[in-house]
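> turn this into a model:
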Amino acid sequence: MKKRKFIFFLFKFFLLISFKYFKPSKTLAKKKSNTFILFNKNFLNTIFSPSHPENPSRITEILKDLEKNNLNKLIKEISFPKNSIKLDYWIKKIHTSQHIDSLKEKYPMGEKMSRTAVHLCTKGVDKIMLDEVKNIFCLTRPPGHHALNTGKDEGFCFYNHIAVTAKYIQEQYKLSKILIVDWDYHHGNSTELFFYNDPSVLFFSTHDQFAYPGTGSPLRKGIDKGLGFNVNIHLPCGTKDKTIIKAFENNLIQKAEDFKPDFILISAGFDSRENDLLGCFKITDGGFVELTKIVMNIAKKTCGERILSILEGGYNTKGNSQATIQHIKTLSNF
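Just a heads-up that it's a prediction; the model follows:
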């Protein structure tokens, strides 16, 4: 009996020693990924004519380069929901029933692809909020930040994915303040419109105000309670890295840190890159790396690093892909 007690005592002693001095290696602990890339095969379909700038090669080129850079392991393919009643609920937070019905009738493929993009964005928010990942890049098309309620596409856009996502974050997760950063060459006129009098959304956009759609004057700063929460920065044709980075440093950082967003959304339009078919800025891939770092630093200081980035424009397929790869590498600290 004494022998059994002694053996049991030794067992407890060595167990306590092992917990104190032989802790499990941190390398064995499950590490949360920095970045997921969300994708769906619907984005490989054609909406307009094959020669149209907004075509499937915008995505296929990125997929090829993701594999070349060993980033394809970050891709999470999100299936399209069989029942999209819940998705309709969120889309209608921004778009009218008349607009939705018109798109379904006149542009069935464009509507389905844009609906798919909204679905990916909301699923991306879920993954971030469930602490599965720090940030998300939504590999989607077509773009969305020009989508109004006209019953047709506006600037290749059908639904405003980022605007719907902002509403989703606020209502589904009760996070009140959203920062939207838009570095597309073209002004996000639809995003501005839907939040122009809303102090809960800080919209910051760099763009060429004289390009399509001809909006984005720096004089437009919001109205009523939203005054001061709409920031338009016009940049001239030929703008290079130094100028756009300075615009972010001088006009975004302090304002965003004072605003203290709960979540950050990026309208990642790479038609502001050099040699784009529909833009005349000369931003390099390195420039987008610096812009991404600025947003990441804001997120680290204010909202627990929560960032969801959504592909907008970018029509030089190779250039669009190269910029996207550098953006994703930066988000993932690759």
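
> going forward, measure contacts between C-alpha atoms and count neighbours the same way
OK.

> what does whichever strand or helix holds I264 contact?
Element membership for I264 (DSSP states H and E) is strand 263-268. Identification of contacts with strand 263-268 by CA atoms under 8 Å, 6 or more residues apart in numbering yields 145, 162, 166, 175, 177-184, 299, 303, 306-313.

> ok, then the element right after that strand?
Next along from strand 263-268, by DSSP H and E: helix 285-302.

> next, the buried residues of that following helix.
285, 287-296, 298-299, 302 (16 or more other CA atoms under 10 Å).

> got it, and stretch 141-158?
Buried, per 16+ other CA under 10 Å, within stretch 141-158: 141-149, 151-158.

> and the end-to-end length of it?
10 Å (CA to CA, to the nearest Å).

> what do you get for stretch 181-191?
Start and end residues of stretch 181-191 are separated by 10 Å (CA to CA).

> residue ranges of the helices in the stretch 51-200 of the chain, please?
Along the stretch 51-200 of the chain, counting by DSSP state H, counting those that start in this stretch, helices occupy 57-68, 85-91, 97-106, 108-129, 161-172, 189-195.

> next step: the contacts of strand 263-268 restricted to strands.
Among the contacts of strand 263-268, the subset assigned to strands under DSSP state E consists of I178, L179, I180, V181, D182, I307, L308, S309, I310, L311.

> just name the closest of these to S200, please.
Taking CA to CA as the measure, S200 lies nearest I178 of those, at 6.4 Å.

> surely that closest one meets P261?
Yes. Contact criterion CA atoms under 8 Å: I178 and P261 qualify, at 5.2 Å.

> measure the closest residue to T317 other than its chain neighbours to I128 for me?
Leaving aside its chain neighbours, T317 sits nearest to R58 (5.1 Å; criterion: CA to CA, 6 or more residues apart in numbering). Distance, R58 to I128, by CA to CA: 26 Å.

> higher neighbour count, these two?
Taking neighbours as other CA atoms under 10 Å, R58 and I128 compare with R58 leading, 25 against 21.

> which residues touch the more buried one?
Going by CA under 8 Å, 6+ apart, the list of residues near R58 reads G314, Y315, N316, T317, N320, S321.

> tell me the most packed of the ones in strands among the contacts of strand 263-268, by neighbour count.
Counting neighbours by other CA under 10 Å, I307 leads the ones in strands among the contacts of strand 263-268 with 29 neighbours.

> re earlier: the strand holding I264 - what's its average pLDDT?
For strand 263-268, mean pLDDT rounds to 98.

> now stretch 79-86
On average, stretch 79-86 scores 88.

> with only the CA atoms kept, save that stretch in PDB.
Listed next in PDB are the C-alpha coordinates belonging to stretch 79-86 (Å, rounded to 0.1, in the frame of the first residue of the first chain):
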ATOM      1  CA  SER A  79     -19.800  28.900 -52.300                       C
ATOM      2  CA  PHE A  80     -22.700  30.900 -53.600                       C
ATOM      3  CA  PRO A  81     -25.800  30.600 -51.300                       C
ATOM      4  CA  LYS A  82     -28.700  28.500 -52.700                       C
ATOM      5  CA  ASN A  83     -31.100  30.800 -50.800                       C
ATOM      6  CA  SER A  84     -30.200  34.400 -51.100                       C
ATOM      7  CA  ILE A  85     -33.100  35.900 -49.200                       C
ATOM      8  CA  LYS A  86     -30.700  37.100 -46.400                       C
END
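
> buried ones in that stretch?
Buried-residue list, stretch 79-86, by 16+ other CA under 10 Å: F80.

> got the end-to-end distance for stretch 270-280?
Stretch 270-280: ends 11 Å apart by CA to CA.

> contacts for that stretch?
53, 183-186, 207, 237-239, 281-285, 312-316, 319-320, 323-324.

> how far away is K93 from L66?
For K93, the distance to L66 - CA to CA - is 34 Å.

> swap in H146?
27 Å.

> what's the answer for L265, then?
22 Å.

> more neighbours: those two, which one.
Ranked by neighbour count (other CA under 10 Å), L265 and L66 place L265 first, with 25 against 22.

> so what's the residue count around N320?
26.

> my read: it touches G314, true?
Yes. Using CA under 8 Å, N320 is in contact with G314, at 5.1 Å.

> OK, contacts around A166?
Listed by CA under 8 Å, 6+ apart, the contact set of A166 reads I178, L265.
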